[in-house]
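A.B. asks: Sequence isn't available, so here's the structure alone:
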């Protein structure tokens, strides 16, 4: 792909101070995008990602916002427009887990996960879509008026006991993405989702940080390796480029074959 495929475009990546979000931010900045690093944790951590991008010749700025809070989302978009004028790409990446057995799950655990993982995507996508429709296609910058990438998971299709709130949020993202893709396509707005499998990030550190845990995890991955944030970053950058202009309303799984249900491989 052209290393300047996103040149002149502005991208907002939520939860971009670490993990998959950071991988996406680095990849999009390398492709020429002006990047907003949204974060909710320590500002100095987000600034490290900004420094990494600017040291490589890119352009980035960090904005603190809780994406489950409508007022903070609106303020974040206003601040982005002050810096970059507009938005071309939204990567709805921010997500978290609050794991529990279903019968022990508290309402707070449920609401926190749904609020960030699903409602947060709604709030950010709504703001981005308003700007995309208002501005329209900018000739010479992108064939689309705007691109929305929703970060989902293999658990939009694979049930996950002990993680009912998380799996429910990801299943919701699937239909949310498809429904707004249908509604926004006439405005030349593309909406897609990425469904990562096991990716080496802080959110799932306990699943890969010891040899025993990693070997157990690899039994679920036919391709026999854990993914890296950079893998998702490359895919997201391509999906935001004009090379993917005819793709909308679908989830691209990037999972080393996890959705092939490898437990059935020897049980046919």
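C.D. replies: Thanks, I have it. Note that the coordinates shown come from a computational prediction; the quantities given were computed from them, not determined experimentally.

A.B. asks: measure residue 16 to residue 36 for me?
C.D. replies: 8 Å (C-beta to C-beta, to the nearest Å). Heads up, the C-betas are built off the backbone N, CA and C, glycines and all.

A.B. asks: same deal with residue 151?
C.D. replies: The gap separating residue 151 from residue 36 is 16 Å, by C-beta to C-beta.

A.B. asks: Ok, residue 10 next?
C.D. replies: 7 Å.

A.B. asks: Quickly list what's touching both of those two.
C.D. replies: 80, 84 (C-beta atoms under 8 Å, 6 or more residues apart in numbering).

A.B. asks: Looking at these two, which is more packed in?
C.D. replies: Legend: neighbour count by other C-beta atoms under 10 Å for residue 10 and residue 36, higher for residue 36 (28 against 22).

A.B. asks: What helix or strand is that one located in?
C.D. replies: Element membership for residue 36 (DSSP states H and E) is strand 34-39.

A.B. asks: can you give me the helices in this protein?
C.D. replies: For the chain, the helices defined by DSSP state H occupy 19-30, 43-55, 70-84, 107-114, 120-135, 164-184, 211-218, 229-240.

A.B. asks: Pull out the buried positions in the second one.
C.D. replies: Yep, that's helix 43-55 we're talking about. 46-50, 53 (16 or more other C-beta atoms under 10 Å).

A.B. asks: What of the longest one?
C.D. replies: Taking 16+ other C-beta under 10 Å as the neighbour-count basis, helix 164-184 is seen to contain the buried residues 164-174, 176-178, 180-181, 184.

A.B. asks: Now do the contacts for residue 93.
C.D. replies: Applying C-beta under 8 Å, 6+ apart, the residues near residue 93 are 13-16, 20-21, 24, 151.

A.B. asks: ranking those by neighbours, who comes first?
C.D. replies: residue 13 leads those on contacts (other C-beta under 10 Å) with 34 neighbours.

A.B. asks: To what extent is the residue nearest to that residue when sequence neighbours are not counted buried, counted in neighbours?
C.D. replies: Counting by C-beta to C-beta, 6 or more residues apart in numbering, residue 13 lies nearest to residue 91, which is 4.3 Å off, once chain neighbours are set aside. By other C-beta under 10 Å, the residues close to residue 91 number 32.

A.B. asks: change the start of the numbering to 51 and stick with it
C.D. replies: Shifting the count to begin at 51 puts that one at residue 141.

A.B. asks: Would you confirm that residue 141 contacts residue 60?
C.D. replies: No - counting by C-beta atoms under 8 Å, residue 141 stays clear of residue 60, with 11.7 Å between them.

A.B. asks: so for the longest strand belonging to the chain, what's the average pLDDT?
C.D. replies: Counting residues, the longest strand found in the chain (DSSP state E) is strand 239-246. Computed over strand 239-246, the mean pLDDT rounds to 98.

A.B. asks: and residue 177, what is it in contact with?
C.D. replies: Residues counted as contacts of residue 177 (C-beta under 8 Å, 6+ apart) are 123-124, 127.

A.B. asks: Would you reformat the contacts of residue 143 as CSV and include distance to residue 295 and pLDDT?
C.D. replies: Below are the contacts of residue 143 laid out as CSV (distance: C-beta to C-beta, whole Å; pLDDT from 0 to 100):
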residue, distance to residue 295, pLDDT
63, 20, 98
64, 23, 98
65, 26, 97
66, 24, 97
70, 24, 97
71, 24, 97
74, 19, 98
201, 20, 98
